[in-house]
Structure formats: C-alpha cells, structure tokens
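Colleague: What would the 3D arrangement of this be:
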Amino acid sequence: MTRLPGCGQQRWAEVEPLGFADVAGPERLAFSSGERGRPTHVAYIAVPETSFSATHWFDRPDLHGALLVAWLAAALSALVALFCASLTWQLHHWNLLAIQV
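Modeller: Predicted coordinates:
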C-alpha cells in the first residue's frame, strides 16, 4: 500500500517477480535488485522517465532536521554564553561588578 498526499491510497499486487500492479487501476511499479537481491530502484511505469532509488541512512531528511536543530541549539547557547561573558567583563571593567578573590 502506498499513500501519497493528495492522491490517497493505492494497493498493489505482485504480478511478476519485482513487478506490481495497482489493484484498482492500470498503474504498475517495477523494482530492480542489486547484487544482494534487495530492491535498489523502483520505476513508476505511468511516468517512465521517473525512477526512485533507495537512500542511505545518512541521506534521510529527518536526520538532517535533527542535526540542524542540534546545531542551532549549540550555536544559540554559544551566543548566550558569549553575551554573558562580555557583559560580565564590561561590568567588571567599569568596576560595576565587585568580584572578590
């Protein structure tokens, strides 16, 4: 079963090895396998110039989003720490903050 935004659901039945047909329509999918026999590419027969390939774990958008959030949090905390250190230095420099040793 596939779910595409705006297109709804499609159910697929295997009609030949690595070949699937839409149960309710004329669409077909064809997979190609790699050296290990696992599917690596899929072609949507209705649009023959379009094919899709499997992505590696490091090419996933959710991983990129998580890394971006982590980087932004680290950058923001570094900016806050820099601002606090600068403010503390300025207050100490103008003798507005008494730091005793």
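
Colleague: Could I get the contacting residues of residue 29?
Modeller: Contact analysis of residue 29 by C-beta atoms under 8 Å, 6 or more residues apart in numbering lists 12, 19-21, 42-45. For every residue, glycine as well, the C-beta is placed using N, CA and C.

Colleague: Tell me the first helix or strand C-terminal of the host helix or strand of residue 21.
Modeller: Residue 21 is part of strand 19-22 when elements are defined by DSSP states H and E. Of the helices and strands lying after strand 19-22 in sequence (DSSP H and E), the nearest is strand 28-33.

Colleague: quick revisit: looking just at contacts, which helices and strands does the strand holding residue 21 meet?
Modeller: Counting by 3 or more C-beta pairs under 8 Å, 6 or more residues apart in numbering; DSSP states H and E, the packing neighbours recorded for strand 19-22 are strand 12-16, strand 28-33.

Colleague: Adding distance to residue 91, write those out as CSV.
Modeller: What follows is these, written out as CSV (distance: least, C-beta to C-beta, whole Å):
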stretch, distance to residue 91
strand 12-16, 68
strand 28-33, 66
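
Colleague: ranking those strands by mean pLDDT, which is last?
Modeller: Ranked by mean pLDDT, the helices and strands packed on strand 19-22 end with strand 28-33 at the bottom, a mean of 88.

Colleague: Show me how far that one is from its chain's centre.
Modeller: Distance, stretch centre to chain centre, for strand 28-33: 24 Å (C-alpha atoms, centre = their mean, to the nearest Å).
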